[in-house]
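Undergrad: fold the following and give me the result.
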Amino acid sequence: MTAPVLVVGEALVDIVSNGKPKNGRNGSKATPGGSPANVAVGLARLGVPTELVTRFGTDPYGDQLGAHLFGNGVQLAPGSVDPGFRTSTATATLDAAGVAKYQFDISWEPPALKLNRGCPAVHTGSIATVLEPGAEAIHQFLAGLADKPVTVTLDPNARPTITPDPERTWAAVRALAGLSDLVKLSDEDCEFLRAGSTPDEIAAELLSVDRTKCVVITRGGDGAIGVTRTGRVEVAAPAIDVVDTVGAGDSFMSALIAGLQARGLLGAARLEGLDEEALHAVVDYAVKAAAITCTRHGADPPTAAEHTAYWS
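TA: Below is the predicted model of the structure:
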């Protein structure tokens, strides 16, 4: 049996509001979320064994999270469910185009971080990598993986409401990128973290670090680019009817990891052999997974079968 990919980070409940009152209410709906948790679910739905290191409580929101994660085949690391912990929330308000803006009520302190034998990849990102005390624990954990046969992926998923100082946040991202083989950013991340720099300039800056071998930058309706030290690919986004963008970036990230695993590029390989043909195929697979999610309400990544059927 293949050892699971390890995902580290927050799991929370998204309270999604479309801002349009109905019968005296704003139409809010509570759904499981949190970028790392969404990535874990996306991986599991794509057939990749996945373990999530997170922390949430046994309150009603926590019960909802647990049912969602278990129901989608995600393993939870010991200590992830804590009866003394209050489950975190994120309130997402959708604009007219279905794009979400977030406000968070969150605390983050992970249980013990441990690498299982045979683990092919460790993924982390989002609030968990910048909110103390958990951020330092993640940094130390990744630093300890330098000589391990495991691929590390990072999605900073910048949240200005949590870390409003772009210079300090970029310094934290750079430090973690130096411990990661692949870094994924969105165009919104780039605009906040490195205003005035082009995506290719940002990719070049991150690739100047010894460990980082690949940078992927998503561009919403314009698709995505993938850059390595030896090549660059650009993938267009398919035309779709957008319902909302909640969880689209996380679906992209999970499909990116799944695509790399399918090509034997995780584990000790650490992306060695990732040529332009493979990079284009993997980024295209991820763009199409994100597109499917955008046709649905909330963070609802596709299964492998749905992905195949949708684009066949």
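Undergrad: direction included, what does the host helix or strand of Ala30 pair up with?
TA: Here Ala30 sits within strand 29-33, counting by DSSP states H and E. Strand pairing for strand 29-33, using DSSP bridges, gives strand 12-17 (antiparallel).
Undergrad: average pLDDT for stretch 119-136?
TA: On average, the pLDDT along stretch 119-136 is 95.
Undergrad: next secondary structure element downstream of the strand holding Ala30?
TA: Going down the chain from strand 29-33, the next helix or strand is helix 35-45, by DSSP H and E.
Undergrad: I'd like the average pLDDT over that next one.
TA: Across helix 35-45, pLDDT averages out at 97.
Undergrad: could you find the closest non-adjacent residue to Ser28?
TA: Ser17 (4.5 Å; C-beta to C-beta, 6 or more residues apart in numbering). C-beta coordinates here come from the backbone N, C-alpha and C atoms, glycine included.
Undergrad: no no, Val41
TA: Val41's closest residue in space is Asn72 (C-beta to C-beta, 6+ apart), at 4.7 Å.
Undergrad: how about the one you found, what does it touch?
TA: Neighbouring residues of Asn72 by C-beta atoms under 8 Å, 6 or more residues apart in numbering: 41, 44-45.
Undergrad: okay, the residues you listed in a markdown table with distance to Glu136 and neighbour count next?
TA: Shown next, in a markdown table, are the contacts of Asn72 (distance: C-beta to C-beta, whole Å; neighbours: other C-beta atoms under 10 Å):
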| residue | distance to Glu136 | neighbour count |
| --- | --- | --- |
| Val41 | 26 | 30 |
| Ala44 | 28 | 26 |
| Arg45 | 31 | 25 |
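Undergrad: any idea which of those is closest to Pro166?
TA: Pro166 lies nearest to Val41 out of the contacts of Asn72, by C-beta to C-beta, at 29.5 Å.
Undergrad: from Glu306, how far off is Ala278?
TA: From Ala278 across to Glu306, the span is 23 Å (C-beta to C-beta, to the nearest Å).
Undergrad: same question, Gly226
TA: Note on Gly226: its distance to Glu306, by C-beta to C-beta, is 23 Å.
Undergrad: the two: who's more crowded?
TA: Ranked by neighbour count (other C-beta atoms under 10 Å), Gly226 and Glu306 place Gly226 first, with 26 against 15.
Undergrad: double-check that the more buried one belongs to a strand.
TA: Yes. The assignment for Gly226 is a strand, going by DSSP: H, G, I helix; E, B strand; the rest coil.
Undergrad: my guess is it contacts Val235. True?
TA: Yes. Between Gly226 and Val235 there is a contact at 7.5 Å, judged by C-beta atoms under 8 Å.
Undergrad: pull the distance from stretch 12-19 to the chain's centre.
TA: Distance, stretch centre to chain centre, for stretch 12-19: 18 Å (C-alpha atoms, centre = their mean, to the nearest Å).
Undergrad: in that stretch, which residues are buried?
TA: 12-18 (16 or more other C-beta atoms under 10 Å).
Undergrad: pick out the residue nearest the middle of the protein.
TA: By C-alpha atoms, centre = their mean, the chain has its centre lying nearest to Asp250, at 4.1 Å.
Undergrad: that residue: what's it in contact with?
TA: By C-beta under 8 Å, 6+ apart, the residues touching Asp250 are 35, 38-39, 42, 155, 299, 301.
Undergrad: let's see it at 6 Å
TA: By C-beta atoms under 6 Å, 6 or more residues apart in numbering, the contact set of Asp250 is 35, 38-39.
Undergrad: as PDB, could you dump the C-alpha coordinates of the lengthiest helix in the chain?
TA: Taking DSSP state H as the criterion, the chain has its longest helix at helix 276-294. Only the C-alpha atoms of helix 276-294 are listed here, as PDB (Å, rounded to 0.1, in the frame of the first residue of the first chain):
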ATOM      1  CA  GLU A 276       8.400  20.800 -20.200                       C
ATOM      2  CA  GLU A 277       6.100  18.100 -21.600                       C
ATOM      3  CA  ALA A 278       5.400  16.600 -18.200                       C
ATOM      4  CA  LEU A 279       5.100  20.100 -16.600                       C
ATOM      5  CA  HIS A 280       2.500  21.200 -19.200                       C
ATOM      6  CA  ALA A 281       0.500  18.000 -18.700                       C
ATOM      7  CA  VAL A 282       0.500  18.400 -14.900                       C
ATOM      8  CA  VAL A 283      -0.400  22.100 -15.000                       C
ATOM      9  CA  ASP A 284      -3.200  21.400 -17.600                       C
ATOM     10  CA  TYR A 285      -4.600  18.700 -15.400                       C
ATOM     11  CA  ALA A 286      -4.600  21.100 -12.400                       C
ATOM     12  CA  VAL A 287      -6.200  24.000 -14.400                       C
ATOM     13  CA  LYS A 288      -9.000  21.700 -15.400                       C
ATOM     14  CA  ALA A 289      -9.600  20.400 -11.900                       C
ATOM     15  CA  ALA A 290      -9.800  24.100 -10.700                       C
ATOM     16  CA  ALA A 291     -12.200  24.900 -13.500                       C
ATOM     17  CA  ILE A 292     -14.600  22.100 -12.400                       C
ATOM     18  CA  THR A 293     -14.600  23.400  -8.900                       C
ATOM     19  CA  CYS A 294     -15.500  26.900 -10.200                       C
END
